[in-house]
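Colleague: Okay, predicted coordinates and the sequence, questions at the end:
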Amino acid sequence: MDSWQELNHRIIACRLCPRLVAWREEIARVKKPAYADQAYWGKPLTGFGDPQAGLWVLGLAPAAHGGNRTGRIFTGDRSGDWLFRALHRAGFANQPTSVSRDDGLQLQGAFISAAVRCAPPGNQPSPDERDRCFPYLQEEFAKLKRAKVLVALGGFAWQAALRLLKSVGWELRPRPAFGHAKEVRLGPCVLLGSFHPSQQNTFTGKLTEAMLDAVFERARSILQRGIE
Ligand code: SF4
């Protein structure tokens with residue numbers, strides 16, 4: 001077993017947060033009527049993508065009937081539809097859709113994780129749950145040796161990324177506030193903010209496809225040409 005497999009096995013077996021374990025398993029048992037014939041994953045989600053990635057995308061947590069159903073982050077929900085279309089347009093994904101773990105999707109130079117690995121009620125992990133899950137992010141970061149651009153989808157992921165970079169010695173004071181297309185340099189990394197592609201943002205026009213594309217185009221540009 002290689003070190004990625006070892007980490008992923010530990011993540012999938014994790015039961016450190018009683019509230020989230022109960023929630024993810026209850027969702028998997030009750031199911032949404034539209035998915036009643038499907039076997040839900042109902043466990044924590046590992047990161048997904050290219051271990052040699054220069055781009056690391058961070059989300060908040062799995063969706064109850066998206067990742068918690070399919071077993072892959074941002075897979076099988078509307079946020080993922082937006083995200084993977086954008087990653088495909090930017091050349092980071094081999095296809096624009098992400099519907100199941102065996103759909104053939106491959107990321108090219110990109111890796112995706114969530115700050116919290118289990119679906120939380122109301123998409124709101126508690127501070128304790130966030131803290132218990134944080135070491136998995138640190139372990140992934142230590143393995144993603146080529147990750148230079150971090151895209152944080154939403155304020156929760158932004159804070160997790162800042163905390164992660166601080167934990168390896170890179171910190172800005174005052175702590176930079178989250179914003180769409182916000183860009184900060186921390187050590188050898190660049191952190192880019194993006195509104196989360198949740199329906200709350202995409203239905204209201206707060207986030208458009210052009211706005212999301214601009215973030216990944218900027219990420220691509222930094223990876224290819226450095227910060228200009
Ligand atoms: Fe474990 Fe993270 Fe899930 Fe908590 S949220 S049970 S720490 S995988």
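Modeller: Okay, I see it.

Colleague: quick one: low-confidence ranges for the chain?
Modeller: Within the chain, the stretches with pLDDT under 70 are 1, 227-228.

Colleague: how about a cut-off of 50?
Modeller: Judged by pLDDT under 50, the chain has no weakly predicted residues.

Colleague: burial of Ala119, as a residue count?
Modeller: As a burial measure, Ala119 scores 26 neighbours (other Cβ atoms under 10 Å). C-beta here means a position set from N, CA and C on the backbone, and glycine is covered the same way.

Colleague: Over to Gly187: give its phi and psi.
Modeller: Backbone torsions of Gly187, given as degrees, to the nearest 10, read phi 60, psi -130.

Colleague: Return the residue of this structure that is most distant from the centre.
Modeller: Distance to the chain centre peaks in the chain at Asp37, reaching 26.9 Å (criterion: Cα atoms, centre = their mean).

Colleague: how close does that residue sit to Arg69?
Modeller: 12 Å (Cβ to Cβ, to the nearest Å).

Colleague: And Gly155, by the same measure?
Modeller: Distance from Gly155 to Arg69, by Cβ to Cβ: 25 Å.

Colleague: who has more neighbours, these two?
Modeller: A direct count of neighbours by other Cβ under 10 Å for Gly155 and Arg69 places Arg69 higher, at 25 against 15.

Colleague: can you pull out the strands in the chain?
Modeller: Remark: strands assigned in the chain by DSSP state E are 48-49, 55-59, 110-114, 149-153, 183-186, 189-194.

Colleague: nearest to the ligand, of those?
Modeller: Closest to the ligand of those, according to Cβ to the nearest ligand atom: strand 110-114, at 9.0 Å.
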